[in-house]
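Student: Have a look at this fold, sequence not included:
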């Protein structure tokens with residue numbers, strides 16, 4: 001019986017010790033937040049390719065590809081490589097086509113939605129999301145959760161890999177135009193370089209239509225000096 005009690009007590013002490021080690025190993029949030037801006041500045045030294053896929057109610061309607069390049073003054077150049085558009089017009093649930101004005105309104109809405117959600121990736125709001133977040137761990141994943149980052153009621157959840165403390169994914173939810181909107185992000189890291197947005201999916205609803213934009217970034221190159 002004494003042996004069993006000793007084993008149980010030893011196990012509890014070991015678990016508490018492991019928890020203490022985990023708590024001590026948590027990174028400094030303010031330092032993580034400041035690194036976001038440094039990462040963004042480093043990323044602007046690269047050029048890359050971006051591919052955008054637009055879907056309406058799960059049906060692919062448009063695919064566009066671009067090259068992106070930043071200049072020393074902070075401006076950037078976005079040149080289109082290709083564009084493929086589905087000729088079949090978007091229809092209502094009753095089968096009727098949307099007017100040209102309505103299609104333009106839908107396009108403007110989804111682009112404005114993407115623009116608003118992409119603002120969460122701006123260093124200003126990314127830093128706020130990290131510095132104000134509650135921090136927990138699950139296995140080798142560091143989980144940061146924050147709210148009211150850009151608008152009241154929004155939520156941001158970022159997952160980091162604890163071993164290298166690099167961001168893995170992010171999920172943002174908010175309300176835009178009275179409807180739920182979300183942005184899911186997958187991060188990648190350039191070899192011996194900065195972290196970048198590898199893939200993002202923007203989702204929103206407009207007049208009952210489910211709108212989705214998938215953005216994929218690849219082929220990062222740093223100009224030779």
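Tutor: Happy to help now that I have it. The shown structure was predicted, so the numbers you read here are calculated from the model rather than taken from an experiment.
Student: my guess is residue 78 is in a strand, correct?
Tutor: Yes - counting by DSSP: H, G, I helix; E, B strand; the rest coil, residue 78 is located in a strand.
Student: Run a quick check on it versus residue 66, I expect a contact.
Tutor: Yes - between residue 78 and residue 66 there is a contact under Cβ atoms under 8 Å: 5.1 Å. Where C-beta positions appear, they are placed from N, C-alpha and C, glycine not excepted.
Student: anything in contact with each of those two?
Tutor: Taking Cβ atoms under 8 Å, 6 or more residues apart in numbering as the criterion, residue 78 and residue 66 both touch residue 50.
Student: got the buried residues for the host helix or strand of residue 69?
Tutor: Element membership for residue 69 (DSSP states H and E) is strand 59-70. In terms of neighbour count (16 or more other Cβ atoms under 10 Å), strand 59-70 has its buried residues at 61, 63, 64, 65, 66, 70.
Student: Roughly how far does the fifth one sit from residue 179?
Tutor: Separation of residue 66 from residue 179 (Cβ to Cβ, to the nearest Å) stands at 28 Å.
Student: All the helices of this protein, in order from the start?
Tutor: 2-24, 29-43, 100-118, 123-131 (DSSP state H).
Student: is the residue nearest to the spatial centre of the chain in a bridge, and if so with what?
Tutor: Among the residues of the chain, the one closest to the centroid is residue 185, at 2.9 Å (Cα atoms, centre = their mean). Beta-bridge partners for residue 185, by DSSP bridges, are residue 170, residue 200.
Student: average model confidence for stretch 39-56?
Tutor: Stretch 39-56 shows a mean pLDDT of 93.
Student: do the same with stretch 177-192
Tutor: 92.
Student: buried stuff in that stretch?
Tutor: Those would be 181, 182, 183, 184, 185, 187, 188, 189, for stretch 177-192 by 16+ other Cβ under 10 Å.
Student: I'd like those residues laid out as JSON lines, including distance to residue 116.
Tutor: Below are these laid out as JSON lines (distance: Cβ to Cβ, whole Å):
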{"residue": "181", "distance to residue 116": "8"}
{"residue": "182", "distance to residue 116": "12"}
{"residue": "183", "distance to residue 116": "9"}
{"residue": "184", "distance to residue 116": "15"}
{"residue": "185", "distance to residue 116": "14"}
{"residue": "187", "distance to residue 116": "20"}
{"residue": "188", "distance to residue 116": "23"}
{"residue": "189", "distance to residue 116": "26"}
